[in-house]
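Chemist: Next input, structure requested:
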Amino acid sequence: MGTRQAWLIFAASSFLVSVPVFVQAPLVRLLPGLSLVMTIGWVWLGITLMRRDSTKLWGDLLLGFSWSWLAGSIYWGWWRWEPTIHLPIEAIGLPFALWCISRRWGMVGNLFYLGSLFGTAVTDIYFYIAGLIPHWRTLMQVAPSEASLVFQTAIAQVKTPWGAGWAMVLLGVLLGVGLVPLRSRQLHWWAFGGAVLSTILVDSLFWLAASMA
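Modeler: Reported below is the predicted structural model:
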């Protein structure tokens, strides 16, 4: 494993985690059907790239990403007002990913997907612990002009000792789970680590945007 290649996988994984949040989320609210159909395009591109030795690695990664895109299309397109089923929908590709990993196939993409799913799970757990689920439901139902008030109320709850304390605990979990795989010389663990650690960046940008709303 080359160091440069490992960092490229790490960077690509980090970037792909941010795509559903900053690109897919706005698209899927307007055109959920288009977002869903685009999953086919990601799968086709991934398979096409995997057929060539020079691009096999990137095709592998895109196939893992296609599960995240599919789940995001389904949830944010039709179920976004119900946070309790967010994680089950995000885990739609979990059985397939675990089956592939057990056979050592598509390791980069499937470990990326697991890392992304883990980051999502930690974020959702924080929403439950901090009591932010009601704000989630409200935000999905109010007009954009009223969203700033919901954000302000949620941020105030995050800034309480309880909210801030748990944020630090779960931040430590993400750092620990994300950094340890980077000691490996296997590329699929760098994909996993990149997906987990990028969750911290995405969550931080989200809360920054919410604070400025």
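Chemist: Show me where this protein dips below the pLDDT cut-off.
Modeler: 1-2, 213 (pLDDT under 70).
Chemist: Select the longest helix from it.
Modeler: helix 187-212 (DSSP state H).
Chemist: Look up phi and psi at Leu174.
Modeler: With angles defined as degrees, to the nearest 10, Leu174 sits at phi -60, psi -40.
Chemist: show me the contacts for it.
Modeler: Residues in contact with Leu174 (Cβ atoms under 8 Å, 6 or more residues apart in numbering) are Gly119, Val122, Val196, Leu197, Thr199, Ile200. Backbone N, C-alpha and C define where each C-beta goes, glycine included.
Chemist: Pick out whichever of these sits closest to Val21.
Modeler: Val21 lies nearest to Thr199 out of the contacts of Leu174, by Cβ to Cβ, at 9.8 Å.
Chemist: My read is that the closest one contacts Thr120, right?
Modeler: Yes - between Thr199 and Thr120 there is a contact under Cβ atoms under 8 Å: 7.4 Å.
Chemist: all helices of the protein, in order?
Modeler: 3-19, 25-30, 32-50, 56-74, 86-90, 94-102, 107-129, 133-139, 147-158, 161-179, 187-212.
Chemist: Out of these, which one sits most buried?
Modeler: Highest mean neighbour count among those (mean count of other Cβ atoms under 10 Å): helix 56-74, with a mean of 23.
Chemist: hang on, the earlier thing: got any residues that touch both of Thr199 and Thr120?
Modeler: Counting by Cβ under 8 Å, 6+ apart, Thr199 and Thr120 have no contacts in common.
Chemist: could you dump stretch 118-128 to CSV, C-alpha only?
Modeler: C-alpha atoms of stretch 118-128 as CSV (Å, rounded to 0.1, in the frame of the first residue of the first chain):
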residue,chain,number,x,y,z
PHE,A,118,-21.3,4.1,12.0
GLY,A,119,-20.9,7.9,11.9
THR,A,120,-24.7,8.3,11.1
ALA,A,121,-25.5,6.0,14.1
VAL,A,122,-23.4,8.1,16.5
THR,A,123,-25.0,11.3,15.3
ASP,A,124,-28.5,9.8,15.6
ILE,A,125,-27.7,8.6,19.1
TYR,A,126,-26.7,12.1,20.1
PHE,A,127,-30.0,13.4,18.8
TYR,A,128,-31.8,11.0,21.1
